[in-house]
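A.B. asks: A structural model of the following input is requested.
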Amino acid sequence: MSKSLTKSSYLDGLNCEKFLWINSFAQSEIDPPKAFDQNLMDDGNEVGALVIELYPGGIEVPKSIINRDERIALTNQLIENGTEVIYEATFFADNIEIRVDALLKVKDGYEIRELKSTKWKNEIIKDKKFQKHIDDVSIQYYVLNKLGFCITNSYVMAINGEYIRGDMLEVKDLFKEEKVSNKVLDIQESIPEKVKHLNEILSDSGKEPNTDIGSHCHKDGQKCGAKKYCWYHQRKIPDYSIFEIFNLGKNSLNLYYENIVDIKDIPENYKKTPLQQFYIDHWNNESTSINHKKIDEFLSDLNFPLFHLDFESYNPTIPKYKNSRPYQQIPFQYSIHVEHNDDKCEHREFLGNPKSDPREELICQLLTDIKGNSSVIVYSGFEQSRIEELARDFPKYSDELLAIIPRIKDFEEIFIKRYYYSYKLKKKYSIKKVMQLLVPSMESRYIDLKIAGKVSCGEEAILACKKLYTEENPVKIELIRKELLDYCELDTLATVESLRAIRKIHLTNS
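C.D. replies: Predicted coordinates:
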């Protein structure tokens, strides 16, 4: 018995036929969702739930109804009853199941309303990334039209990136609406052949499409869940390959089609930028380079005691607090290791309660914990951006917060600018990657957290914070808080120990 298409699998098939087949017949080859993926799904569900507030007075076809025929029967019953708005209306035609976020009954027929968690500032319809939303609505129109429904208009609702929350969430202001009817109609003629082809793929579990590597492997900027299977198992692509040097684009694909995938096989006369040549030379020679002059300039500019600062934040699609924006990074935690010039360290920390806006309390404690004129060590520009946003959103603290900015020294600069570079870093400069190289003994502490099922990375910290937002059990709250505090403390300790290692390397080899 062949499988049927859904909206999601149809879109998957448009992007990559091979992924559609793997997801249908070889799901074990697809990587399980990571914390980041789960966060995106949770946000998407939260946005979808707002359809009831945007179009009130309707009736929902519950997602809890697993049986498709039952959902369709309930949908048809609601239509026969003249229901003005149906949420999650379910239909099936041409071996495709669709669910419509909101199906609105209008004078001459029906309208489709599709809610997306996409951030939208201007005319999103002109954005190439918006095409997937057009395709989404188009397949809904196709199925409904097949069933004889008159669809007068189709709309996509996306998140208004310029919205600033007041005391209450104004749902209608949170979204921007775009009429996509003409775009949807333009696509209709091409859909039957696409549907036929994708259904043929689903009808044969023994015939895996031979889709080759291409730009579709990084859908929406994210690596495909089947990449390990396609790239490393089938195509035998090395972990550090031409695709890392040239990214997944024309240059790397040209080499790949010539059966050149290993960095060591790149022809010497092949056009490369100086930076690409730098990476290639270090990898081929398994070498390390140290720019002692630049490292000395960085180290000499540090004033003790050093405040090693790391924020944890989360960026809810739907703003939770007054004077916050969709997707705005909300710092809810920090760790500070104060490193003295005698190698002694003391630790300071803050973890807010996300049930209420944690930002002002964080600001007040941060200004106390980081008081002085000495250097603030961060890793990447993330902390500076958060401080600048806090100064913008809480102007009464602006002068004090902005006074921190000149004190900030970005430790990542040493690696991004390759003042210190080892071929073992490849093209990765996260503090975790640097720490593994410079202070390998610390890696086991993160591994221990992971093995114990505790927060062990930034993505998991975001999910833990979201749990704190809803958790009511005081015992569970304390356990989550302890996990967050332990993890964040480890991050600033990693910068302390990595910076010490750089000092030692510099002094030993200069």
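A.B. asks: P331 is in what secondary structure piece?
C.D. replies: P331 belongs to strand 330-339 when assigned by DSSP states H and E.
A.B. asks: can you check T90 too?
C.D. replies: strand 85-93.
A.B. asks: which element follows that strand toward the C-terminus?
C.D. replies: strand 96-106.
A.B. asks: How about that following strand, which residues are buried there?
C.D. replies: I96, E97, I98, R99, V100, D101, A102, L103, L104 (16 or more other Cβ atoms under 10 Å). Yep, even glycine has a C-beta here, placed from its N, CA and C like the rest.
A.B. asks: So E29 sits against A226, correct?
C.D. replies: Yes. Here E29 lies in contact with A226, judged by Cβ atoms under 8 Å, at a distance of 6.0 Å.
A.B. asks: Which residue of those two possesses the greater neighbour count?
C.D. replies: The neighbour comparison of E29 against A226 (other Cβ atoms under 10 Å) goes to A226, with 22 against 15.
A.B. asks: List the residues that contact the more buried one.
C.D. replies: Listed by Cβ atoms under 8 Å, 6 or more residues apart in numbering, the contact partners of A226 are K18, F19, I22, N23, E29, I30, D31.
A.B. asks: Look up how far K223 lies from the first one.
C.D. replies: In other words, K18. Computed as Cβ to Cβ, to the nearest Å, the K18 to K223 distance reads 15 Å.
A.B. asks: Who are the packing partners of the strand holding P331?
C.D. replies: Judged by 3 or more Cβ pairs under 8 Å, 6 or more residues apart in numbering; DSSP states H and E, the packing partners of strand 330-339 are strand 306-314, strand 345-351, helix 359-369, helix 458-470, helix 474-509.
A.B. asks: Can I get it as PDB, trimmed to CA atoms?
C.D. replies: What follows is strand 330-339, C-alpha atoms only, in PDB (Å, rounded to 0.1, in the frame of the first residue of the first chain):
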ATOM      1  CA  ILE A 330      16.000  38.200  26.000                       C
ATOM      2  CA  PRO A 331      18.900  37.700  28.400                       C
ATOM      3  CA  PHE A 332      17.700  35.800  31.400                       C
ATOM      4  CA  GLN A 333      21.000  34.500  32.900                       C
ATOM      5  CA  TYR A 334      24.700  35.300  33.100                       C
ATOM      6  CA  SER A 335      27.800  33.900  34.500                       C
ATOM      7  CA  ILE A 336      30.900  36.000  35.400                       C
ATOM      8  CA  HIS A 337      34.300  34.600  36.400                       C
ATOM      9  CA  VAL A 338      36.400  37.300  37.900                       C
ATOM     10  CA  GLU A 339      40.100  36.400  37.100                       C
END
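A.B. asks: partners of that strand, with directions?
C.D. replies: strand 306-314 (antiparallel), strand 345-351 (antiparallel) (DSSP bridges).
A.B. asks: deepest of those, which one?
C.D. replies: Each of the strands paired with strand 330-339 was scored by mean neighbour count; the highest is strand 306-314, a mean of 25, by mean count of other Cβ atoms under 10 Å.
A.B. asks: just the buried members of the contacts of A226?
C.D. replies: Buried among these (16+ other Cβ under 10 Å): K18, F19, I22, N23, I30.
A.B. asks: which element is the first one on?
C.D. replies: Taking DSSP H and E as the definition, K18 sits inside helix 17-25.
A.B. asks: any chance you could map the helices in the stretch 301-450 of the chain?
C.D. replies: Secondary structure of the stretch 301-450 of the chain (DSSP state H, counting those that start in this stretch): helices at 359-369, 382-393, 398-402, 413-416, 431-438, 440-451.
A.B. asks: ok so, going back, any chance you could list residues touching both of E29 and A226?
C.D. replies: Residues touching both E29 and A226 (Cβ under 8 Å, 6+ apart) are I22.
A.B. asks: Confirm I112 sits in a strand?
C.D. replies: Yes. I112 forms part of a strand when assessed by DSSP: H, G, I helix; E, B strand; the rest coil.
A.B. asks: burial measure for the nearest residue to it once chain neighbours are set aside, as a count.
C.D. replies: Leaving aside its sequence neighbours, I112 sits nearest to S154 (Cβ to Cβ, 6 or more residues apart in numbering; 4.4 Å). Counted with other Cβ under 10 Å, residues neighbouring S154 total 25.
A.B. asks: picking up where we left off before, who are the neighbours of the helix holding K18, in terms of helices and strands?
C.D. replies: Against helix 17-25 (3+ Cβ pairs under 8 Å, 6+ apart) you get helix 7-15, helix 191-202.
A.B. asks: Quick check: what element follows the lowest-mean-pLDDT helix or strand in the chain along the chain?
C.D. replies: Scoring the helices and strands of the chain by mean pLDDT, DSSP states H and E places strand 222-223 at the bottom, with a mean of 74. Towards the C-terminus, the helix or strand next in line after strand 222-223, according to DSSP H and E, is helix 227.
A.B. asks: what about that following helix, average pLDDT?
C.D. replies: Mean pLDDT, computed over helix 227, is 91.
A.B. asks: quick one: contacts of it?
C.D. replies: D31, C217.
A.B. asks: ok, and what's touching whichever helix or strand comes after it?
C.D. replies: Going down the chain from helix 227, the next helix or strand is helix 242-246, by DSSP H and E. Under the contact criterion Cβ under 8 Å, 6+ apart, helix 242-246 has outside partners 237, 252, 255-256, 260-263, 266, 272, 276, 279-280, 426-427.
A.B. asks: redo that, cut-off 7 Å
C.D. replies: The contact list for helix 242-246 (Cβ atoms under 7 Å, 6 or more residues apart in numbering) reads S252, L255, Y256, I260, V261, I263, I266, Q276, Y279, I280, K426, K427.
A.B. asks: before we move on, what about stretch 153-162?
C.D. replies: Stretch 153-162 has contacts (Cβ under 7 Å, 6+ apart) with 54, 111-121, 124, 133, 137, 141, 173-181, 184, 317, 326.
A.B. asks: Using PyMOL, define a selection of the buried residues within the residues you listed.
C.D. replies: The PyMOL selection below is limited to those of the contacts of stretch 153-162 classed as buried (16+ other Cβ under 10 Å):
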select buried, resi 54+111+112+113+114+115+116+117+118+120+124+133+137+141+174+175+176+178+180+181+184+317+326
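A.B. asks: Out of the contacts of stretch 153-162, list just those in helices.
C.D. replies: When DSSP state H is applied, the contacts of stretch 153-162 are split such that L54, H133, V137, Y141, D173, L174, S181, V184 fall in helices.
A.B. asks: Which residues are in contact with the fourth one?
C.D. replies: Yep, that's Y141 we're talking about. Contacts of Y141 by Cβ under 7 Å, 6+ apart are I112, I151, S154, V184, Q188.
A.B. asks: Disregarding residues adjacent in the polypeptide, which is nearest to G166?
C.D. replies: K322 (6.2 Å).
A.B. asks: Burial check on the one you found, number of neighbours?
C.D. replies: 13.
A.B. asks: Next: L40.
C.D. replies: 16.
A.B. asks: Give the buried residues for the helix or strand harbouring it.
C.D. replies: Taking DSSP H and E as the definition, L40 sits inside helix 35-48. Going by neighbour count (16+ other Cβ under 10 Å), the buried part of helix 35-48 is A35, Q38, N39, L40, D43, V47, G48.
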